[in-house]
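# turn this into a model:
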Amino acid sequence: MSGAQREWVAFTDPKEQGRRWMIDVTFLTSHWSCIYGCGCQGVLTEPTPEMAQGCCSYGAWYSDDADRKHVEKLATKLSDDDWQFARVGRTKGVSAKNGNSWRTRLVGDACIFLNRPDFDGGPGCALHRYAMRTGQHYMDTKPTVCWQLPLHREDSDEEDGTVTSTLSEFGRSGWGAGGADFAWWCTEAPEAFAGADPVYRSMASELRKMLGDELYDNIASYLDARVATTARPVVHPAEAPVTLLPTKTKRRR
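All right, here's what the predicted structure looks like:
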């Protein structure tokens with residue numbers, strides 16, 4: 001998450017006593033939109049738009065065992081037309097353990113579910129492709145971190161026994177130390193802030209699943225009021241227009 005100035009608002013969870021939410025007004029009212037296949041340069045150390053890997057280069061880390069088992073079960077439903085690496089997944093499994101954590105298996109240089117540009121069906125996530133084919137929302141077929149991206153939730157235990165949940169953007173820090181080496185990241189790229197609707201509307205389904213309907217409606221009502229007034233929220237640093245001042249040149253004598 002960028003260290004630039006941004007605006008926050010706090011909400012009490014209407015259903016879970018002792019939980020407070022800190023909401024990133026600046027990101028949720030921005031016009032970020034996924035540009036996979038339309039300018040996304042990937043998350044490697046050099047821009048690689050031709051590889052069409054998006055943010056799938058390192059696999060997806062499961063949020064818990066339920067998340068892993070859900071994806072493993074869905075993998076059994078994918079057809080060869082959905083999935084370039086179906087044979088590998090059915091033979092070796094789609095998950096791999098790394099220390100005490102699990103993630104999707106890597107094939108070559110990226111996630112096992114990522115169809116590469118040479119696939120007959122074209123590049124992109126096989127689980128996303130399956131969701132489209134079966135008329136489902138992709139958040140019901142993909143690992144949690146994948147359908148939430150670039151939204152990011154972080155919980156902190158307070159000294160008084162309450163919990164503060166922060167909802168913001170998934171920045172470089174969310175990837176750990178390696179994120180600093182990315183040549184490009186979408187929430188820092190002006191070209192990714194060209195969506196028709198603000199994030200709190202374009203990602204309403206994802207936010208409802210993360211927050212619950214009542215809390216989402218409360219937040220959306222507040223943000224609707226904010227964007228409708230002259231006191232607009234702090235603009236996201238990647239979306240803010242840059243004004244170049246004229247430079248002074250020294251007069252030769």
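
# can you list the buried residues in the longest helix along the chain?
Ranked by number of residues, the top helix in the chain under DSSP state H is helix 213-228. By neighbour count on 16 or more other Cβ atoms under 10 Å, the buried set for helix 213-228 is 215-216, 218-220, 223, 226. Every C-beta, even on glycine, is put in place using the N, C-alpha and C of the backbone.

# now stretch 44-57
For stretch 44-57, a neighbour-count test (16+ other Cβ under 10 Å) marks 44, 48, 51-57 as buried.

# in what helix or strand does the closest residue to Met210 other than its chain neighbours lie?
Spatially, and ignoring its direct neighbours in sequence, Met210 is nearest to Arg153 (6.2 Å; Cβ to Cβ, 6 or more residues apart in numbering). Using DSSP states H and E, Arg153 sits in strand 151-157.

# ok, whichever helix or strand comes after that strand: who's next to it in the sheet?
Where DSSP H and E defines the elements, the next helix or strand beyond strand 151-157 is strand 163-169. Taking DSSP bridges as the criterion, strand 163-169 sits next to strand 19-24 (parallel), strand 151-157 (antiparallel) in its sheet.

# so how far is the longest one off the chain centroid?
Its chain's C-alpha centre lies 14 Å from the corresponding centre of strand 151-157 when counted by Cα atoms, centre = their mean, to the nearest Å.

# just the buried residues of it, please?
In strand 151-157, counting by 16+ other Cβ under 10 Å, buried: 151-152.

# now stretch 103-115
103-105, 107, 110-115.

# what about the residue minimising distance to the centre of the chain, distance to Asp67?
Most central in the chain under Cα atoms, centre = their mean is Leu149, positioned 1.4 Å from the mean C-alpha point. To Asp67, Leu149 is 14 Å away according to Cβ to Cβ, to the nearest Å.

# ok, Leu211 next?
18 Å.

# neighbour-wise, which of the two wins?
Per other Cβ atoms under 10 Å, whichever of Leu211 and Asp67 has more neighbours is Leu211, with 24 against 17.

# I figured the more buried one hits Ile23, correct?
No: if you go by Cβ atoms under 8 Å, Leu211 and Ile23 don't touch, sitting 9.0 Å apart.

# between those two, what contacts are shared?
167, 219 (Cβ atoms under 8 Å, 6 or more residues apart in numbering).

# tell me where the stretch 1-150 of the chain has helices.
25-28, 65-75, 86-92, 126-134, 144-148 (DSSP state H, counting those that start in this stretch).

# in JSON lines, list those helices along with distance to Gly195.
As requested, the helices of the stretch 1-150 of the chain are exported to JSON lines (distance: least, Cβ to Cβ, whole Å):
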{"stretch": "helix 25-28", "distance to Gly195": "12"}
{"stretch": "helix 65-75", "distance to Gly195": "27"}
{"stretch": "helix 86-92", "distance to Gly195": "33"}
{"stretch": "helix 126-134", "distance to Gly195": "18"}
{"stretch": "helix 144-148", "distance to Gly195": "17"}
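
# so which of those gets nearest Trp185?
helix 25-28 (13.5 Å; Cβ to Cβ).

# which strands and helices sit next to the closest one?
On a contact count with 3 or more Cβ pairs under 8 Å, 6 or more residues apart in numbering; DSSP states H and E, helix 25-28 meets strand 163-169, helix 199-202, helix 213-228.

# can you list the residues that contact the longest one?
When contacts are taken as Cβ under 8 Å, 6+ apart, the neighbours of helix 213-228 outside the stretch itself are 9, 11, 13-15, 21, 23, 25, 28-29, 198, 200-201, 204, 207-208, 211, 232-233.

# chain center to that helix: distance?
21 Å.

# what angle do strand 19-24 and that helix make with each other?
Helix 213-228 runs at 30 degrees relative to strand 19-24, counting by axes from the mean of the first three to the mean of the last three Cα atoms, to 10 degrees.
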